[in-house]
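Peer 1: here you go, sequence then predicted model.
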Amino acid sequence: MRGWGIALALLTMASLLLGAAGLGVPDWTILWQLRVPRTGLALLVGAGLGLSGAVLQGVLRNPLADPGFLGVGGCAALGAVGVFYWGVAAVFAPALPLGGFAGAAAGCAVLLYVFRRSPSGPGLILGGVALSALAAALLSLALSAAPNPFALYEITFWLMGGLEDRTVTHLALAVPPIVLGCALLLRLGRGLDALSLGEETAATMGVPIAATLRRAVLGVALAVGAGAAVAGGIGFIGLIVPNLLRPMVGERPGALLWPSTIAGALLLLVADMTARAAGLWLPLAAEPRLGVLTALLGAPFLVVAARRVAP
Amino acid sequence: MIGVRDLSVRLGGEQALHGVTFQPIAGAVTALCGPNGAGKSTLLRGLAGLLPGERPDPRHTAYLPQGARCAWGLTVRQVASLGRIPHGDINEAAVDAALAACGVTALAHRRVDQISGGQARRAMLARVMATEPECLLLDEPVADLDPLACHDVMRLLRRFAAGGGTVVVVLHALELAAQYADRMVVLQAGRIIADGTPADVLPAAAGAFGMIYQPGAVPLLRFQES
């Protein structure tokens, strides 16, 4: 636990020192208006995604569960884009995380309801593929009907995921829902442990199954929805983190929650610093999008994880 | 005290139980026998409080479903510790005792997905024992076990009953029921067709399986009494 704390502190410091102004201590305005929101959002969004992955894998008893490719992330993006598209976000800023939350909650609830009888089966992953495809199609519809090229460009860029140019306002919008969502999810440990024996057995052990699922949906929707609203489409963190941690902390689902929260924060922070460093020192026109980086990391990881799971 | 009164259950359009009334006896091992589809598991789920309109009693009744397995590679000890969830504590002594009773102390730090099916079955049994319940409801707990392990488990159930506990166990092996149960309940097509001591009930039980009861027939193999 102390090692995690030290890593978190060191990387946070490093993140505050790294940016377009070069490596070193920046002036107060840059620090406060650019680096702090960016670092804070990376930690916050990453924590929410890592924890959501651990909880979804525990609830569904499936190590391949991830808010991203179960379609929850896509639904969150759809919700946020909807808000953005209709211009609500320009009038009422909190509508953006609210839209993300609504989309994520709807996606999560549909998935858990449809597959509640066999959550650990292969059907769920396919259901997630279907939900992702639906969200992607509706997003394309929104894009193709975009009112002007500028909106089209902005939405597309946002969908690729990223944390640059975020402000303290974004941070303020994201903190309450993500912290609340994580607080809900972190209390599910005992229920997730019991659920590893199946829903029926868990029920005979005094675990309120329906309430546990409801809290999981609400918590994931808050954390992932708000994360997608401020950071766009960032995938795979929820898949990678718990699977990397299992060999270290054991497979008990409840024991993975805190480590996944911290490791999720660390992983997204490192990914974002990598994007910044690449933008600084590689001959690129712009820094690579954060969602692109996590996908480059996550896609091979998914192949490896899927090979291990398949009998 | 658990029990069901006039319980009728429909499952997938079929009548699984027709007005079954059943009351387990404390301090006794009750075996539920009968052909596949007779309603044994449904009756056990009714006792466990899992049917619609019922509520489980987590601290006093521990239920082990048919083919119980753990979704993750928990260690045997972690699986047994799950049995303490109903009490909300980590009673190491109860977990140790359950591991010892089920003969898996030596496997405590092995992962349940990396030991044999029979060993994993005993780890699952250690989970219900660690709850220290008043009543054990077990659905075919000896299904994958070798003959000696079957008898070990049945002896464990006898000791539990001797301490005043209630045991209801679904068994397919009539010989095990005959040897270790105080009471045998035979189900057929959703009804209890016989209920009594094994000696009284065995003919009916054999008949339910289309077998012939041969009193006095000597088994070829039996275990030494320990």
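Peer 2: In hand now; what should we look at?
Peer 1: does B:Leu32 count as helix, strand or coil?
Peer 2: What DSSP: H, G, I helix; E, B strand; the rest coil gives for B:Leu32 is strand.
Peer 1: meant to ask about B:Ala16
Peer 2: With three-state DSSP as the basis, B:Ala16 sits in strand.
Peer 1: tell me who's in contact with the closest residue to chain B within chain A.
Peer 2: Closest approach of chain A to chain B (C-beta to the nearest C-beta) occurs at A:Gly206, with a separation of 3.2 Å. C-beta: built from backbone N, CA, C; applies to glycine. With contact taken as C-beta atoms under 8 Å, 6 or more residues apart in numbering or on different chains, A:Gly206 is in contact with B:56, B:58-59, B:85-86.
Peer 1: now stretch A:270-279, how far from the chain's geometric center?
Peer 2: Centroid separation between stretch A:270-279 and its chain, computed with C-alpha atoms, centre = their mean, to the nearest Å, is 18 Å.
Peer 1: stretch B:152-163 too?
Peer 2: Chain-centre distance of stretch B:152-163: 11 Å, with C-alpha atoms, centre = their mean.
Peer 1: can you give me the buried ones in the lowest-mean-pLDDT helix or strand in chain B?
Peer 2: Of all helical and strand segments in chain B, the minimum by mean pLDDT, DSSP states H and E falls on helix B:198-208, at a mean of 85. Within helix B:198-208, the residues that qualify as buried are B:198, B:201-202, B:204-206, B:208, counting by 16 or more other C-beta atoms under 10 Å in any protein chain shown.
Peer 1: what's the answer for stretch A:62-73, then?
Peer 2: Result for stretch A:62-73 [16+ other C-beta under 10 Å]: buried residues A:62-73.
Peer 1: same check, this time on stretch A:175-195
Peer 2: So stretch A:175-195, judged by 16+ other C-beta under 10 Å, has buried residues A:177-179, A:181-182, A:184-186, A:188-195.
Peer 1: start and end of it, how far apart?
Peer 2: 30 Å (C-alpha to C-alpha, to the nearest Å).
Peer 1: center of chain A, which residue is that?
Peer 2: A:Leu49 (3.1 Å; C-alpha atoms, centre = their mean).
Peer 1: burial count for A:Trp28?
Peer 2: Neighbourhood size, A:Trp28 [other C-beta atoms under 10 Å in any protein chain shown]: 8.
Peer 1: let me fix that: A:Ser144
Peer 2: 8.
Peer 1: tell me the secondary structure of B:Leu137, please.
Peer 2: strand.
Peer 1: so it makes contact with B:Tyr63?
Peer 2: Yes. With contacts counted by C-beta atoms under 8 Å, B:Leu137 reaches B:Tyr63, the gap being 4.5 Å.
Peer 1: give me every residue that touches the residue of chain B found nearest chain A.
Peer 2: At 3.2 Å from chain A, B:Pro58 is the closest residue in chain B, using C-beta to the nearest C-beta. By C-beta under 8 Å, 6+ apart, the residues touching B:Pro58 are A:204-206, B:85-86, B:131.
Peer 1: that older thread, which neighbours do B:Leu137 and B:Tyr63 share?
Peer 2: Here B:Leu137 and B:Tyr63 have B:44, B:48 as joint contacts, going by C-beta under 8 Å, 6+ apart.
Peer 1: which element is A:Ala90 on?
Peer 2: helix A:88-91 (DSSP states H and E).
Peer 1: now for the helix or strand following that helix, which elements pack on it?
Peer 2: Going down the chain from helix A:88-91, the next helix or strand is helix A:95-114, by DSSP H and E. Helix A:95-114 sits against helix A:72-85, helix A:88-91, helix A:122-144, helix A:168-186, helix A:209-231, with contacts defined as 3 or more C-beta pairs under 8 Å, 6 or more residues apart in numbering or on different chains; DSSP states H and E.
Peer 1: neighbours of A:Ala210, how many?
Peer 2: Using other C-beta under 10 Å, the number of residues around A:Ala210 comes to 10.
Peer 1: and the contacts of the top helix by length along chain B?
Peer 2: Ranked by residue count, the top helix of chain B under DSSP state H comes out as helix B:147-162. Applying C-beta under 8 Å, 6+ apart, the set of residues contacting helix B:147-162 from outside is B:27-29, B:101-103, B:118, B:122, B:125, B:129, B:136, B:138, B:141-142, B:145, B:167, B:169, B:173, B:176, B:179-180, B:182, B:221, B:223, B:226.
Peer 1: residue nearest the centroid of chain B?
Peer 2: Centre-most residue of chain B, counting by C-alpha atoms, centre = their mean: B:Leu138, 2.3 Å.
Peer 1: quick one: that residue and B:Gln66 touch, right?
Peer 2: No. Using C-beta under 8 Å, B:Leu138 makes no contact with B:Gln66, being 9.3 Å away.
Peer 1: if we can go back for a sec, for the longest helix of chain B, give the mean pLDDT please.
Peer 2: Mean pLDDT, computed over helix B:147-162, is 92.
Peer 1: okay, now the unreliable bits of chain B?
Peer 2: B:1, B:217-226 (pLDDT under 70).
Peer 1: ugh, typo on my part, it should be the stretch 51-200 of chain A
Peer 2: Regions of the stretch 51-200 of chain A meeting the criterion pLDDT under 70 cover residues A:89, A:117-122.
Peer 1: one more time with 80
Peer 2: Applying pLDDT under 80 to the stretch 51-200 of chain A flags the ranges A:69, A:84-97, A:112-113, A:115-125, A:146-158.
Peer 1: quick check: residues of it near chain B?
Peer 2: Applying C-beta under 8 Å from any C-beta of the partner chain, one finds that the stretch 51-200 of chain A approaches chain B through A:61, A:120, A:190, A:193-198, A:200.
Peer 1: in helices, which of those fall?
Peer 2: Using DSSP H, those in helices are A:190, A:193-195, A:200.
Peer 1: quick revisit: so which elements touch the helix holding A:Ala90?
Peer 2: Packed next to helix A:88-91, using 3+ C-beta pairs under 8 Å, 6+ apart, are helix A:95-114.
Peer 1: look at B:Ser8 and give its secondary structure.
Peer 2: B:Ser8 ends up strand, using three-state DSSP.
Peer 1: list the contacts of it.
Peer 2: Neighbours of B:Ser8 in contact, by C-beta under 8 Å, 6+ apart: B:15, B:17-20.
Peer 1: one more: A:Gly181?
Peer 2: Applying C-beta under 8 Å, 6+ apart, we find A:Gly181 in contact with A:48, A:52, A:218-224, A:226.
Peer 1: tabulate those residues in TSV, adding columns for neighbour count.
Peer 2: Below are the contacts of A:Gly181 laid out as TSV (neighbours: other C-beta atoms under 10 Å in any protein chain shown):
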residue	neighbour count
A:Gly48	34
A:Ser52	39
A:Leu218	19
A:Gly219	25
A:Val220	31
A:Ala221	29
A:Leu222	27
A:Ala223	36
A:Val224	37
A:Ala226	31
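Peer 1: next, format the residues you listed as TSV and append distance to A:Leu139.
Peer 2: Converted to TSV, the contacts of A:Gly181 look like this (distance: C-beta to C-beta, whole Å):
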residue	distance to A:Leu139
A:Gly48	21
A:Ser52	20
A:Leu218	24
A:Gly219	24
A:Val220	20
A:Ala221	18
A:Leu222	21
A:Ala223	21
A:Val224	16
A:Ala226	18
